[in-house]
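Enquirer: Pasted the sequence and its predicted model underneath.
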Amino acid sequence: MIIKVSDIPDEGLHVPIKDERTELEYGGAKLRLAKPFSGFMNVKRASGRRVIVEGSMSVTLILTCSRCLEEFEFDVVESFRDEFFPVEVLNYTEKELSKRELDTLFYARGEIDLSLVYLEKAYLSIPMKPLCREDCRGICPVCGKNLNEGSCGCEVKRVDPRWSALLEIKEKLLKG
Ligand SMILES: [Zn+2]
Ligand SMILES: [Zn+2]
């Protein structure tokens, strides 16, 4: 979705998000989409050759739960307002880059790739440790069964080491 800044009319552009991709590159792997990107963007020119992109987007990603390893659908719904500056306004010494400039998006050769706006929102919304649900019970360390589907009957003795120390003391006291 590349637009030329010089093609944006004074009243701005209303651009529906139409994106056919069915997967995203993510950490060297492919992330499948359960629902494609949709939404809209209002694009307008502002002073100082800035371009302001406002709108909202949604997409449904398929993530893998970090506890039970099952896939689940993850909805991303975001509204946004981003400002693009022409790359020519950049100071070339890195020290002079203010915090604001580091957070700012730039465009080069008079063109903006609008897909960067909503792709970034999707990437930023992916959790470090995705969970299919807040209280996911994970998998049994013995048989590997998904414990969200019920318990497996394995004897998993997980005695807290602090408790076992207390139990020893109690036993000693009882023995006198
Ligand atoms: Zn899970
Ligand atoms: Zn088990």
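Expert: Thanks, I have it. Ligands and ions are numbered 1, 2, ... in the order given.
Enquirer: Any regions of this protein where pLDDT drops low?
Expert: Under the criterion pLDDT under 70, the flagged ranges of the chain are 90-103, 156-167, 176.
Enquirer: What segments of the chain are helices?
Expert: 99-103, 115-125, 161-175 (DSSP state H).
Enquirer: Tell me the residues of this protein that contact ligand 1?
Expert: Within the chain, the positions lying close to ligand 1 (CB under 5 Å from the ion) are Cys65, Arg67, Cys68, Cys132, Cys136. (C-beta placed from N, C-alpha, C; glycine too.)
Enquirer: Show the secondary-structure elements that the longest strand along the chain is packed against.
Expert: Identified as the longest strand of the chain according to DSSP state E is strand 29-46. Counting contacts by 3 or more CB pairs under 8 Å, 6 or more residues apart in numbering; DSSP states H and E, strand 29-46 packs against strand 13-16, strand 23-26, strand 50-64, helix 115-125.
Enquirer: Could you point out which of the ones you listed sits nearest ligand 2?
Expert: When the helices and strands packed on strand 29-46 are compared by CB to the ion, strand 50-64 sits nearest ligand 2, at 20.5 Å.
Enquirer: Residues of this structure that sit close to ligand 2?
Expert: With CB under 5 Å from the ion as the criterion, the chain comes near ligand 2 at residues Cys140, Val142, Cys143, Lys145, Cys152, Cys154.
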